[in-house]
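Asker: I need the structure of the sequence given here:
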Amino acid sequence: MDLTQRMQQHFAESISAKQIAMETLSPLMSQAAEKMVQTLVTDGKLLICGNGGSAADAQHFAAEMVGRFERERPGLGAIALTTDTSAITAISNDYDYDLIFSKQVHALGRAGDLLVAISTSGNSDNVIAAIHAAHDRGMNVIALTGRDGGKIGELLAGDDVHLCVPVQRTCRVQEVHITIIHALCDAVDFMLLGGE
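Answerer: Numbering: from 1, shown residues only. Predicted coordinates:
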């Protein structure tokens, strides 16, 4: 395989992963979007967390909500729990790194808010702790995972929504996650603003 073919293989794998996700996750994504709108129109907020690339996705998602996606609208309440370096470093230093998100959820979250938990493996201990904290606070969870959903898939219950991308490669899961995030942003705008 030459280098050009290797590049083409990335596109082919990404397309395949997105087609699988489109076929399996679209109804669940619709449920997630409805839950987000219900949260936002009742003065709730989204608390979003993840590690590494998923931390970047959390920040991207929050920015699309607070600023705008593709259409002008008032800002929507969303906080990426990955951005307060003072809180993150204090919590990890004084307590434990696994508590960096859960302590923020306990402090900032309330019933009626929504946790968006992102973990490609579904096994991130600090994201799992955040889900427990959200449940303690009476919050629902939208989880974006990959592969088989990991431990996170086993934690979700009730009105939680699990968007598990059923592919193995981390990079492919991450690519689908950003497509899911953009689709959710579009759906929120569509439900709030109407139009095609």
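
Asker: quick one, helices of the chain?
Answerer: Under the criterion DSSP state H, helices of the chain are mapped to 3-41, 53-66, 85-94, 102-108, 125-136, 150-155, 170-193.

Asker: now these as TSV including mean neighbour count and distance to Leu76?
Answerer: Yep, even glycine has a C-beta here, placed from its N, CA and C like the rest. Output for the helices of the chain, formatted as TSV (neighbours: other Cβ atoms under 10 Å; distance: least, Cβ to Cβ, whole Å):
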stretch	mean neighbour count	distance to Leu76
helix 3-41	15	5
helix 53-66	20	4
helix 85-94	13	22
helix 102-108	20	16
helix 125-136	22	19
helix 150-155	18	25
helix 170-193	19	7
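
Asker: Let me have those in CSV, extended by mean pLDDT.
Answerer: Converted to CSV, those look like this (pLDDT from 0 to 100):
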stretch, mean pLDDT
helix 3-41, 97
helix 53-66, 98
helix 85-94, 98
helix 102-108, 98
helix 125-136, 98
helix 150-155, 97
helix 170-193, 97
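
Asker: so which of those gets nearest Leu114?
Answerer: helix 3-41 (4.4 Å; Cβ to Cβ).

Asker: So which other helices or strands are in contact with the closest one?
Answerer: Contacts defined by 3 or more Cβ pairs under 8 Å, 6 or more residues apart in numbering; DSSP states H and E place helix 3-41 against strand 46-49, strand 114-118, strand 140-146, strand 161-165, helix 170-193.

Asker: Tell me how far Thr145 lies from Leu76.
Answerer: Distance of Thr145 to Leu76, given as Cβ to Cβ, to the nearest Å: 24 Å.

Asker: Next one: Glu196, what pLDDT does it get?
Answerer: Glu196 carries a pLDDT value of 69.

Asker: sorry, back to before: redo the helices and strands packed on helix 3-41 as TSV? Include distance to Ile100.
Answerer: Conversion of the helices and strands packed on helix 3-41 to TSV gives the following (distance: least, Cβ to Cβ, whole Å):
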stretch	distance to Ile100
strand 46-49	8
strand 114-118	13
strand 140-146	17
strand 161-165	22
helix 170-193	20
